[in-house]
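[1] Return a 3D structure for these sequence lines:
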Amino acid sequence: MSMKISSSVALCVMVLVLIGGGAQVSDALTCNALQLSPCANAITSSSTAPSSACCAKLKEQRPCLCNYIKDPNLQKFINTPNARKVATTCGTPFPTC
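    Next up is the predicted model:
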């Protein structure tokens, strides 16, 4: 129960931080960390495997990951061992920024 509450709190914090849009990487892709919300449970819990929706969004948002890692509000979610594990499980190389 405590893990579920902390995951929910982390997701809510992430959503609140990200409201207001995202950065533009190219004309074809708008960086918006909210697009990674299907990955929230897998990133915040080492016992949850990423869903196919998570992996699809992670691959789609991969060009934006360095921006997210450099953002002080997001790096505590994105630059973690669990996030790296999710990326590996999804077959998406974690960027070196």
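
[2] For the protein, which helix or strand comes out least confident on mean pLDDT?
    Sorting the helices and strands of the chain by mean pLDDT, DSSP states H and E puts helix 2-18 at the bottom, at a mean of 43.

[3] residues contacting the closest residue to Ser51 other than its chain neighbours?
    Distances taken as CB to CB, 6 or more residues apart in numbering place Pro38 nearest to Ser51, at 5.8 Å, with adjacent residues excluded. (C-beta placed from N, C-alpha, C; glycine too.) Neighbouring residues of Pro38 by CB atoms under 8 Å, 6 or more residues apart in numbering: 51, 53-54, 57.

[4] Now, those residues that are in helices?
    Using DSSP state H, the subset of these located in helices is 53-54, 57.

[5] Highest neighbour count among those residues?
    When neighbours are counted by other CB atoms under 10 Å, Cys54 leads the ones in helices among the contacts of Pro38 with 22 neighbours.

[6] Would you map the strands across the chain?
    Counting by DSSP state E, one finds no strands in the chain.

[7] Helices along that one, start to end?
    So, for the chain - with DSSP H - the helices run 2-18, 40-44, 52-61, 65-70, 75-78, 81-90.

[8] so what does the third one touch, helix or strand wise?
    Meaning helix 52-61. helix 81-90 (3 or more CB pairs under 8 Å, 6 or more residues apart in numbering; DSSP states H and E).

[9] by contact count, what packs against the helix it packs on?
    Counting contacts by 3+ CB pairs under 8 Å, 6+ apart, helix 81-90 packs against helix 40-44, helix 52-61.

[10] As CSV, could you dump the C-alpha coordinates of the longest one?
    Backbone C-alpha positions of helix 52-61 (Å, rounded to 0.1, in the frame of the first residue of the first chain) are rendered in CSV as follows:
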residue,chain,number,x,y,z
SER,A,52,4.2,-2.1,-24.5
ALA,A,53,2.7,1.4,-24.3
CYS,A,54,5.5,2.5,-22.1
CYS,A,55,8.1,1.1,-24.5
ALA,A,56,6.5,2.7,-27.5
LYS,A,57,6.4,6.1,-25.8
LEU,A,58,10.0,5.7,-24.6
LYS,A,59,11.2,5.0,-28.1
GLU,A,60,9.2,7.9,-29.5
GLN,A,61,10.6,10.3,-26.8
